[in-house]
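Visitor: heads up, no residue letters with this:
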């Protein structure tokens with residue numbers, strides 16, 4: 001290396017050589033790193049999306065079935081409590097109301113131990129019922145079969161439209177006996193709520209599965225309540241929720257039979273009343289079979305495999321055992337769905353980069369002459385200045401602005417050094433020329449959370465209390481604030497009389513700065529409550545604190561003058577935080593946070609919406625919230641049931657307020673007051689909404 005730099009290189013060839021030597025490896029390194037990074041990101045995104053789909057799908061399927069299970073269980077409980085309820089047609093409206101609870105249910109029915117059967121079901125107008133098409137406009141039907149009395153039972157239908165109006169009726173002999181059906185026998189044998197394997201619905205001519213539960217009278221089975229769900233509903237869900245366009249999703253039974261699939265292909269058959277499911281390995285497409293065979297027998301559910309020269313990510317996981325069946329969710333995703341765009345981007349980057357390097361080499365070759373020649377002349381002139389040779393070179397003229405400025409500066413330096421050396425020893429001049437001392441002020445932009453606090457009615461308190469007592473009480477309050485801020489890794493900016501300004505996220509980076517600021521605010525509120533309790537015990541007035549929090553990008557750094565500096569933050573976000581502190585006075589709240597804080601801190605906060613307000617200097621109104629509690633930092637900070645109810649009612653009223661449905665908002669805020677008459681937020685908003693023109697009043701308030 002020393003030999004390399006010992007050689008004196010010419011500027012022009014050096015520029016070209018250095019450009020190629022430095023640019024080409026960096027460029028190819030960037031392309032390579034970009035490719036590897038994009039590939040890693042794509043794989044990570046694929047894994048994350050597949051895992052998210054798995055979690056969401058498991059939850060959604062469970063949520064799809066949970067209401068049905070609950071409805072069937074309720075129907076069975078009703079049979080337990082009123083054994084004769086399902087013995088006549090008064091039960092039919094109840095069964096219809098149960099059917100309407102979920103679009104996934106196609107039929108709700110009850111089979112009794114005496115052989116009678118009552119059902120509410122959905123009707124397809126294009127499918128014949130008892131040998132003929134139902135009336136036009138039909139949506140539902142009541143169906144009942146009375147207990148067999150020796151003769152063939154009569155199957156009755158009453159057709160209903162969407163408004164439950166009767167459109168017609170039909171009846172025919174039908175030897176159907178619910179006690180002989182698998183769903184009835186299986187449920188009675190299980191003695192509890194069951195989910196059947198896929199079967200053929202005799203009453204509907206469809207294939208699906210049944211959720212059923214028995215009910216009892218005098219210790220004996222009185223009947224079974226059940227609801228039917230078709231397999232098409234699960235396939236529709238898988239088709240509508242895909243990880244990527246090329247994703248294939250399946251729900252498999254414990255033997256690998258395909259219950260539902262995202263392609264919505266028919267994978268089952270009616271074999272004389274018995275459902276025959278096609279095995280995943282027997283599908284026309286060989287990809288699912290390869291993926292199924294490559295699955296790990298134990299351990300992680302997410303795995304990779306290759307097929308047809310492509311790489312795939314697959315997930316094979318069991319659905320919750322609470323469903324009552326050992327079903328599995330099987331997902332196959334081609335990795336190209338995630339890497340394709342990155343690969344095209346990388347290829348374009350490579351081509352454009354090579355073209356750009358070639359063009360730059362040509363341009364640099366010609367421009368380097370315009371730079372190197374005058375610089376060589378200037379270098380010789382600088383060498384003369386350093387040696388104090390006394391030679392005078394003619395001024396250098398260059399079309400390059402920077403070289404022209406440099407030439408003029410060197411000429412000035414030459415004259416200055418020569419003049420200065422007439423008064424100061426040359427050795428000292430050389431030392432001064434070589435020195436480099438620099439002092440800079442400034443800062444940088446960073447996304448922080450800013451905190452402002454103030455005491456309520458402090459001016460009045462300062463007039464009432466002696467100076468010493470006031471100082472002691474304010475010091476106690478500032479001690480609470482300082483401790484809470486420091487405990488949560490915040491930075492105290494300054495004390496402004498009875499106010500405090502602080503921020504989180506600088507000088508040290510904090511990923512959860514908004515959450516820490518909220519926790520500090522709650523700790524301050526709790527600390528002040530303890531102080532006020534002690535002061536009340538001594539006969540002193542309490543000090544009520546108001547806090548405002550806002551997250552925004554601000555400038556942070558050393559700000560001031562060379563003689564006096566301060567590490568602080570400045571920017572519009574600081575003004576917003578200060579105004580949020582002051583807005584507590586309008587709504588009677590203690591801790592007011594902006595939507596940006598709520599968004600950053602996450603769902604661990606317990607907040608309720610207050611209003612959408614306009615801050616001076618901003619065109620868009622800002623949603624603001626009252627911070628009431630938080631989860632995960634101690635039981636004392638978690639909201640009780642009444643607080644949760646207050647938040648729920650306020651959020652319900654706020655939804656109408658932001659939709660500018662002021663009449664509904666007024667009614668809902670009055671509902672809040674009916675349950676919480678001392679709530680300051682509801683009182684204030686009822687006051688503003690009560691006038692005859694609430695829209696105008698709300699607008700004026702928001703523009704304050």
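Guide: Happy to help now that I have it. Since this is a predicted model, take the numbers as computed values, not measurements.
Visitor: please spell out which residues along stretch 111-121 are buried.
Guide: Buried residues in stretch 111-121, counted by 16 or more other C-beta atoms under 10 Å: 111, 112, 113, 115, 116, 117, 118, 119, 120, 121. For glycine as for every other residue, the C-beta is placed from the backbone atoms N, C-alpha and C.
Visitor: ugh, typo on my part, it should be stretch 404-413
Guide: Buried residues in stretch 404-413, counted by 16+ other C-beta under 10 Å: 406, 407, 410, 411.
Visitor: follow-up on the earlier one: in strands only, show me the buried residues of stretch 111-121.
Guide: 111, 112, 117, 118, 119, 120, 121 (DSSP state E).
Visitor: and which of those is nearest residue 458?
Guide: Within those, the smallest distance to residue 458 is 67.6 Å, found for residue 120 (C-beta to C-beta).
Visitor: identify the bridge partners of that closest one.
Guide: Beta-bridge partners for residue 120, by DSSP bridges, are residue 108, residue 142.
Visitor: quick one on the thing from earlier: so can I have a markdown table of the buried residues of stretch 404-413 showing secondary structure, distance to residue 641 and pLDDT?
Guide: What follows is the buried residues of stretch 404-413, written out as a markdown table (DSSP: H, G, I helix; E, B strand; the rest coil; distance: C-beta to C-beta, whole Å; pLDDT from 0 to 100):
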| residue | secondary structure | distance to residue 641 | pLDDT |
| --- | --- | --- | --- |
| 406 | helix | 76 | 76 |
| 407 | helix | 81 | 74 |
| 410 | helix | 80 | 71 |
| 411 | helix | 83 | 74 |
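Visitor: tabulate the residues you listed (CSV), appending distance to residue 129.
Guide: What follows is the buried residues of stretch 404-413, written out as CSV (distance: C-beta to C-beta, whole Å):
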residue, distance to residue 129
406, 96
407, 100
410, 102
411, 105
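Visitor: would you check how far apart the nearest residue to residue 442 once chain neighbours are set aside and residue 448 are?
Guide: Closest residue to residue 442 apart from its sequence neighbours, by C-beta to C-beta, 6 or more residues apart in numbering: residue 557 at 5.7 Å. Per C-beta to C-beta, to the nearest Å, residue 557 is found 12 Å from residue 448.
Visitor: those two - which one has more neighbours?
Guide: Under the criterion of other C-beta atoms under 10 Å, the comparison of residue 557 against residue 448 puts residue 448 first, with 28 against 18.
Visitor: re the thing from before, the buried residues of stretch 111-121: which two are farthest apart?
Guide: Farthest apart among the buried residues of stretch 111-121 by C-beta to C-beta are 113 and 121. That separation is 21.7 Å.
Visitor: list the buried residues in the lengthiest strand in the chain.
Guide: Secondary structure of the chain per DSSP E: the longest strand is strand 545-560. Under the neighbour-count criterion of 16+ other C-beta under 10 Å, strand 545-560 has 545, 546, 547, 548, 549, 550, 551, 552, 554, 555, 556, 557 buried.
Visitor: now do stretch 127-136
Guide: 129, 134, 135.
Visitor: need the worst-confidence member of those.
Guide: On pLDDT alone, residue 129 ranks lowest of the buried residues of stretch 127-136, at 88.
Visitor: immediately after the longest helix along the chain, which helix or strand?
Guide: Longest helix of the chain, by residue count under DSSP state H: helix 11-81. Per DSSP states H and E, helix 11-81 leads on to helix 91-99 as the next helix or strand towards the C-terminus.
Visitor: how about that following helix: buried residues?
Guide: 91, 92, 94, 95, 96, 98, 99.
Visitor: for stretch 28-36, same thing?
Guide: Across stretch 28-36, burial judged by 16+ other C-beta under 10 Å covers 31, 35.
Visitor: show the average pLDDT along it.
Guide: 76.
Visitor: quick one on the thing from earlier: could you dump the buried residues of strand 545-560 to JSON lines with distance to residue 615 and pLDDT?
Guide: What follows is those, written out as JSON lines (distance: C-beta to C-beta, whole Å; pLDDT from 0 to 100):
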{"residue": "545", "distance to residue 615": "21", "pLDDT": "93"}
{"residue": "546", "distance to residue 615": "16", "pLDDT": "95"}
{"residue": "547", "distance to residue 615": "17", "pLDDT": "96"}
{"residue": "548", "distance to residue 615": "11", "pLDDT": "95"}
{"residue": "549", "distance to residue 615": "14", "pLDDT": "96"}
{"residue": "550", "distance to residue 615": "9", "pLDDT": "95"}
{"residue": "551", "distance to residue 615": "14", "pLDDT": "95"}
{"residue": "552", "distance to residue 615": "11", "pLDDT": "93"}
{"residue": "554", "distance to residue 615": "15", "pLDDT": "93"}
{"residue": "555", "distance to residue 615": "18", "pLDDT": "92"}
{"residue": "556", "distance to residue 615": "21", "pLDDT": "88"}
{"residue": "557", "distance to residue 615": "24", "pLDDT": "82"}
